[in-house]
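*Asks:* pasted the sequence and its predicted model underneath.
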2 protein chains.
Amino acid sequence: MTDAQGTREPDSAGPPGPAASLPGLDEEQQRVLRRVGREWGRSSAPPEAWRRALPVDPDLGRFPLPAEVRPGRFGRLVTVSVVGPPPDTASDTAAEAGEVREGRFATGERPSGPVRRAGARTRRLLLGEALKSSAVASERMRKLVALPVLSADALSSVAYGPEAMLAVLVLAGTAGLAHALPVAGAIAFLMLAVGLSYRQTIRAYPHGGGSYIVAGANLGPSAGLIAAAGLMTDYVLTVAVSIASGVAAITSAVPSLTAATVPLGVGVIVLLLAGNLRGIRQAGALFAAPTYLFIGAVFALVVAGLVTAAGHDFEPRPTPPLPVTETAGLLLVMRAFSSGATAMTGIEAISNAVPAFKPVEWRNARTTLTWMVGLLIAMFAGIVALIQLTGVVPDARETVLSQLAHLGFGSGAMYVFVQAATAAVLLLAANTAYNDFPRVLSLLARDDYAPRVFMRLGDRLAYSNGVLLLSVAAALVFVAFDGRTGALIPLYAVGVFLAFTLSQTGMVVHWWRRRDRHWRKSMLFNAVGALLSALVFLTAGITKFTEGAWVAIVAVGVFLYVTTRIRRHYASARAALRLHAQALELPARAAAAPPPHAGPAPAPAPALGQAVAGGAVGRRAAQGGGAPGTGEDEELPAEVRNLSVVALATLDLASMRTLAYAASLQQPVLVLHISLSDHEGRRFRDYWTLWGDHLPMEVIVSPYRAVVAPLVHYLEALHHRHPELTLTVILPEIVTRRRRHQLLHSRTASRLRRSLRPLPKIVITTVPFHLP
Amino acid sequence: MTDAQGTREPDSAGPPGPAASLPGLDEEQQRVLRRVGREWGRSSAPPEAWRRALPVDPDLGRFPLPAEVRPGRFGRLVTVSVVGPPPDTASDTAAEAGEVREGRFATGERPSGPVRRAGARTRRLLLGEALKSSAVASERMRKLVALPVLSADALSSVAYGPEAMLAVLVLAGTAGLAHALPVAGAIAFLMLAVGLSYRQTIRAYPHGGGSYIVAGANLGPSAGLIAAAGLMTDYVLTVAVSIASGVAAITSAVPSLTAATVPLGVGVIVLLLAGNLRGIRQAGALFAAPTYLFIGAVFALVVAGLVTAAGHDFEPRPTPPLPVTETAGLLLVMRAFSSGATAMTGIEAISNAVPAFKPVEWRNARTTLTWMVGLLIAMFAGIVALIQLTGVVPDARETVLSQLAHLGFGSGAMYVFVQAATAAVLLLAANTAYNDFPRVLSLLARDDYAPRVFMRLGDRLAYSNGVLLLSVAAALVFVAFDGRTGALIPLYAVGVFLAFTLSQTGMVVHWWRRRDRHWRKSMLFNAVGALLSALVFLTAGITKFTEGAWVAIVAVGVFLYVTTRIRRHYASARAALRLHAQALELPARAAAAPPPHAGPAPAPAPALGQAVAGGAVGRRAAQGGGAPGTGEDEELPAEVRNLSVVALATLDLASMRTLAYAASLQQPVLVLHISLSDHEGRRFRDYWTLWGDHLPMEVIVSPYRAVVAPLVHYLEALHHRHPELTLTVILPEIVTRRRRHQLLHSRTASRLRRSLRPLPKIVITTVPFHLP
């Protein structure tokens, strides 16, 4: 009965499926479970008795539902499986034992009230119908589709990379710009090295080798976590930078929109949020188009520029006179290098998505990567060359690409085409982060580093909570930096190259351990990639620390702190909840408690008498099991000593019904009444006598008019005096039809629930009374 | 056993005490209670069995508390009464039967965590120690103290009333100002008439005759409610206008503070809020001083002015040239009249507070009222005369009173004294509203017109919620009108004179009905008062409608709508909760259900077998009683048919403990597991078998990954098929030590609770599991 899917595989590359949040039980837990069950069978009624006692047929699936229960237009009535009892169980109706039966049953939400219904309608309109778990798509991509889809992020980076590099160099005036070509050459070499490095990763991790996976598997969980921290910051910044740059492409063409930069960007984030909650698939011509158009636009631009330049013998045009604020020292050059290196962000996308290729996956992925890196270097080099030839310098009002397009094509249709293609590919690049961020977050959640809600697949099979978190984070960053690309760039490189470095160092270790075919060559490529990435990471972190890199570093630090704390909490929670070995001491404990079904119960109140006979007011030492220190260690019904405490304010129908319910449970009952004055307390006791004094009742006078506090203290005192008792606090609760009317009624029940929550062994039961 | 305090006296004048929210039972309810109790005795175990079954001594008061339970520095450990059983009960331990025993027991709040403790410390510092209910003060006031305390509101009105009148007249230039004397004369006459009218009220309502009480008692509840609506708007505006005027007195003296008008005013409101939460008593020299100082200041001003005027033979100084924007027609004069009439707001204060005087209360109150009206008229007339003589006109930057003081005293100490006294008396006037608004609101709450929270006396015996509401409302109004007195005046008169009119019309009816000594004279005075008040109300409502009176009229309308809706809700809730006559059909119902304790129960699972034998799966027609339509009509334990439904996600210690708890209740149990995939469902069933399949279990597969919705639908279907069952949904709930950690765990329990709340006959039980 061991279960492969149940035990966690830390190295498994795929994101967690819908059932991953319910891990299976390991060998020890199963052993404990069997022991506990055996003890249970010894002290409780036999299964047949419980089954006979059931006043209903639980298998509602085989009967048509009554009309009132059928969900309306917005509910979902679907065929649902009910898993039948296994064949080895002695079931009296086990005709279809072990098989999955089907029945019609509503499993979706059924909104009530006009507001909620309108909300559900809007939701359906925006997000579409819910998708079944079985609809998880597994389409494979051809290379010609995979190239544009997976490289949008990387290729679109040339829209801001060269400009970011120039923006630093220009601070040193013409002398600074003279360094542009060598720095660009270094960046191109970096692209090549990292590209080659990732070719190795693809071969080694054909199931997808994201930085978190590769670094975690080869360098240990901490390195994986740090890589993830870099990645997560990177994804947030990818969205912010890509949108900032895309909006800049638009405002360069339509300067009157410049004032609306922030609302435009936030609007785009909202669109991406809605689209990704709907579950945009990364495939199809729609997503391939912008990238190809952008590639075409850039090459057209470069060709047109070269033709023009050929007209005056490739003589560079003079740059306008520039104010010099810094000297063209090494520091400036290194800053320019790390800024320009943002042009290669997204280069890792293909190595993450190897399983999405058609077979042979890794070979196709490698070819695509080669193509992508080639295109990237060509486009980057072309744009830098063009800048040199035209003497264009960065301008806050117009992007460099837009200036180049103006010079090459004037202001006609071709110019508009270049700008539109740029904006489109940048928004597509932002969408790439929407695919990766929630997926990595779900992996982190699977490994206990993030709250489990990020593992939940929404209606549309998207990790909705992750999508939401990314949107909020990206919008905050975008607004905080006023949507200025230049201000965001210093933050960007740090996270990306941290992840690159760790991932490629991981690959070096991988090859060293494996030593299979070509391992030396692969290790060399990865080592060069890791070294260069580390260099960029350090350069960016040090030279641009005060310019904004510190924000990214702090973000990574906070991320590490929070995730490790979360994991620690989950670990302690799991240890506390686990069916552990100490629970094996059960036999001793069960023997200590007298068997409850020993003799025939006294006639008038069998369960009552029995509860007392078996209970024997006396403190049983809490030995192991359960939550330590809380005494919550009962795993057998015979061990539970019940006392129901009914708290009443008045004697009305809701109270009478609550009393009837409490007494019907056949456990000892104590009624409490908190009175605000002696007089009122006596009056209540008079009414109680009038009723017949059927149940033990205690009046507590609260001179400070508080109701909740005295009750909580009384129960606390009761628990301390009788820690062996499980106190069931039973409260009447008036439920109004309209929610606003609830304000007119006492909130004592919910306040009491909140106050009693931290107290051990206090079970809270609310008996509703619905007002007509 | 009928109880005088139990039945509500709609005419009782005093505000509700701490126990008023728990009304007693009337004759019919007591009869029903006795019948229900008799039935209960027939079908349930005898009281002795229940008492014997109790595993604890409920009277914790007589034992010292364990150290862990003792509250810390910020809790309150006080001697608390526990009301013992009455002498006629056959109690085996009834040694001290019927007497009130005392024990030490914590009844206050005991804050945990550093933040909460700091909050409690701040709270105690600001608001002081909690007061016992028995500390409700009942000091009586001497006339010389009562006069300043109760007339601060009325007398302070002369600080803005004359100015408000002039501000209208000045719109017609010098021609308009010519009407000042006749209008002022009319207002003085109105003061006299209303004053005489209230003299009658004092005699007729020696227990306090607020407008709500007088109008309600004589003209019917609707009139009382309308009067209350007028009063409540009035109180909010009293705070806003008085503070606006007080701040104006300050900014007139220190013009540099003018820009800070709004923050200053809001600051004062916050101070009043804190002070009144602390429970400022309206007595003492501290509160008497400002009024006397203000009276002194005004008279000094008038005398100084008259002396100066005597110097030039009382020849009025010329007014500066004025721009004429309106003609001095009847409409303008009437607007000026209604604006000036705000000078008499607060005149009703003494008639509300008759019981606060020393005996003979009504006689002392009348004398004080006469004095107050005399002073009011003298001060009003003096200021108007001075204005006429000096030719002062309203100025946005400086109040008229400040201008007069400048003219009379220059800018020395006497000027500062006048301004300081004015500001002080105005702030005191604002405080008057803080005494009345929460009190009237508590009366409304007592009569079901307002949420019951407004009846609750706080720690310091103040109606904290009412104080809070007034502060918020007044602050909103103050900020919305930028703290400009002139802009607030048009709103003010409407509410006041609406209440005056209804109150005095009520007095006319009172005298007509009673016809005791002097009734003709009293009725005449009241009739004149009512007529004049109605005239002002109509004038203000019509002539200043567009200037802001519409706001007050809309506020009154909204108030009436909301309060009547609230009352309707409470009425229907009371009808539904009442132990009503239909519950008397109990015997027939009890006979229909077979007696549950008839024969000896089967040995292994007595309660279980019994539940089925007595239950007999079949729909019992819901006949009367309970909440109509919901089938919540069980008032006897024997009538309750239980089915416990345990919802489990996994098998861990929390689940095992929940299963043990559910089985320990000895009621039929059905376990539900919502599975996200067929595979997971089968795996859970395997574990269940491994455990021993001790309880009936059903797996539901949810293809849309929802957990709450399928569970809710299943329970809904279960209820529709077996409406006779009370379904107890038992859920494990993981409780973390730190609240922020709770975010890391599934919120299924609370989401389920919210979703199940509207469903009838579903009791929700959460079994906590505390993480270490």
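*Replies:* Right, received. Where do you want to start?
*Asks:* what about residue A:714, how many neighbours?
*Replies:* Counted with other CB atoms under 10 Å in any protein chain shown, the neighbours of residue A:714 add up to 25. All C-beta atoms are positioned from the backbone trio N, CA, C, and that covers glycine.
*Asks:* what's whichever strand or helix holds it packed up against?
*Replies:* Using DSSP states H and E, residue A:714 maps to helix A:708-721. Applying 3 or more CB pairs under 8 Å, 6 or more residues apart in numbering or on different chains; DSSP states H and E, one finds that helix A:708-721 contacts strand A:641-648, strand A:669-675, strand A:697-701, strand A:725-735, helix A:748-756, strand B:100-106.
*Asks:* by mean pLDDT, flag the weakest helix or strand of chain A.
*Replies:* Least confident helix or strand of chain A, by mean pLDDT, DSSP states H and E, is helix A:606-615 with a mean of 39.
*Asks:* so, low pLDDT: which residues of the stretch 401-550 of chain A?
*Replies:* Scanning the stretch 401-550 of chain A for pLDDT under 70 picks out A:459-461.
*Asks:* picking that back up, can you say which of the helices and strands packed on helix A:708-721 is nearest to residue A:440?
*Replies:* Smallest distance to residue A:440 across the helices and strands packed on helix A:708-721 (CB to CB): 35.7 Å, for helix A:748-756.
*Asks:* what's the closest one packed up against?
*Replies:* Where contact means 3+ CB pairs under 8 Å, 6+ apart, helix A:748-756 is packed against helix A:708-721, strand A:725-735, strand A:762-770.
*Asks:* tell me how far it is from the chain's mean position?
*Replies:* Centroid separation for helix A:748-756 versus its chain: 31 Å, with CA atoms, centre = their mean, to the nearest Å.
*Asks:* hmm, who's touching that helix?
*Replies:* Identification of contacts with helix A:748-756 by CB atoms under 8 Å, 6 or more residues apart in numbering or on different chains yields A:647, A:649, A:707-709, A:711-712, A:715, A:729, A:731-733, A:762, A:764, A:766.
*Asks:* ok, now stretch A:261-280?
*Replies:* Here stretch A:261-280 makes contact (CB under 8 Å, 6+ apart) with A:126-128, A:131, A:239, A:243-244, A:246-248, A:250-251, A:257, A:427, A:430-431, A:434-435, A:438, A:458, A:460-462, A:464, A:467-468, A:471, A:474-475, A:478-479, A:482-483.
*Asks:* can I get the buried ones among those as something I can paste into PyMOL?
*Replies:* Command for PyMOL, covering only those of the contacts of stretch A:261-280 found buried under the criterion 16 or more other CB atoms under 10 Å in any protein chain shown:
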select buried, chain A and resi 127+131+239+243+244+246+247+248+250+251+427+430+431+434+435+438+458+460+461+462+464+467+468+471+474+475+478+483
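*Asks:* go through the contacts of stretch A:261-280 and flag which are in helices.
*Replies:* Counting by DSSP state H, the contacts of stretch A:261-280 place A:126-127, A:239, A:243-244, A:246-248, A:250-251, A:427, A:430-431, A:434-435, A:438, A:464, A:467-468, A:471, A:474-475, A:478-479 in helices.
*Asks:* and residue A:429, how far is that from chain B?
*Replies:* Between residue A:429 and chain B the computed distance is 30 Å (CB to the nearest CB, to the nearest Å).
*Asks:* for residue A:743, which non-adjacent residue is spatially closest?
*Replies:* residue B:451 (6.2 Å; CB to CB, 6 or more residues apart in numbering or on different chains).
*Asks:* neighbours of the one you found, how many?
*Replies:* When neighbours are counted by other CB under 10 Å, residue B:451 registers 22.
*Asks:* next, the contact list for the residue nearest the centre of chain A, please.
*Replies:* Nearest to the mean C-alpha position of chain A, by CA atoms, centre = their mean, lies residue A:454 at 2.1 Å. Shown in contact with residue A:454 (CB under 8 Å, 6+ apart): A:438, A:441, A:442, A:444, A:445, A:463, A:465, A:466, A:469.
*Asks:* ditto for residue A:223
*Replies:* Contacts of residue A:223 were listed using CB under 8 Å, 6+ apart, and they are A:215, A:216, A:502, A:505, A:506.
*Asks:* which one of those is nearest to chain B?
*Replies:* residue A:216 (21.1 Å; CB to the nearest CB).
*Asks:* tell me which helix or strand that closest one sits in.
*Replies:* With DSSP H and E as the test, residue A:216 turns up in helix A:211-219.
*Asks:* need the residues that contact that helix.
*Replies:* Contact with helix A:211-219 is made by A:10-11, A:13, A:201, A:205, A:223-228, A:230-231, A:348, A:440, A:443-444, A:499-500, A:502-503, A:505-507, A:509-510, A:513, as judged by CB under 8 Å, 6+ apart.
*Asks:* convert that helix to CSV, retaining C-alpha atoms only.
*Replies:* The C-alpha trace of helix A:211-219 is given here as CSV (Å, rounded to 0.1, in the frame of the first residue of the first chain):
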residue,chain,number,x,y,z
SER,A,211,17.5,27.6,-11.7
TYR,A,212,15.6,26.5,-8.5
ILE,A,213,15.7,22.9,-9.6
VAL,A,214,19.3,22.8,-10.9
ALA,A,215,20.8,24.8,-8.0
GLY,A,216,18.8,22.9,-5.4
ALA,A,217,19.6,19.5,-6.8
ASN,A,218,23.4,20.1,-7.1
LEU,A,219,24.3,22.7,-4.5
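*Asks:* just the buried residues of the contacts of helix A:211-219.
*Replies:* Among those, those buried by neighbour count (16+ other CB under 10 Å) are A:13, A:201, A:205, A:223-228, A:230-231, A:348, A:440, A:443-444, A:499-500, A:502-503, A:505-507, A:509-510.
*Asks:* looking at the stretch 351-500 of chain A, which residue is nearest chain B?
*Replies:* The nearest approach of the stretch 351-500 of chain A to chain B comes at residue A:451, 5.0 Å away (CB to the nearest CB).
*Asks:* where does pLDDT dip in chain A?
*Replies:* Low-confidence segments of chain A (pLDDT under 70): A:1-22, A:59-117, A:120, A:123-139, A:209, A:279-286, A:459-461, A:581-632.
*Asks:* so it: which segments form each domain?
*Replies:* Domain ranges of chain A: A:143-571, A:606-770, per automatic domain parsing.
*Asks:* helix or strand for the residue located most distally from the centre of chain A, which one?
*Replies:* Here chain A reaches farthest from its C-alpha mean at residue A:690, the gap being 58.4 Å by CA atoms, centre = their mean. Assigned by DSSP H and E, residue A:690 belongs to helix A:678-691.
*Asks:* can you list the buried residues in that helix?
*Replies:* A:678, A:680-691.
*Asks:* now tabulate those residues in JSON lines and tack on distance to chain B.
*Replies:* Below are the buried residues of helix A:678-691 laid out as JSON lines (distance: CB to the nearest CB, whole Å):
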{"residue": "A:678", "distance to chain B": "6"}
{"residue": "A:680", "distance to chain B": "4"}
{"residue": "A:681", "distance to chain B": "4"}
{"residue": "A:682", "distance to chain B": "6"}
{"residue": "A:683", "distance to chain B": "6"}
{"residue": "A:684", "distance to chain B": "8"}
{"residue": "A:685", "distance to chain B": "6"}
{"residue": "A:686", "distance to chain B": "6"}
{"residue": "A:687", "distance to chain B": "6"}
{"residue": "A:688", "distance to chain B": "9"}
{"residue": "A:689", "distance to chain B": "5"}
{"residue": "A:690", "distance to chain B": "6"}
{"residue": "A:691", "distance to chain B": "4"}
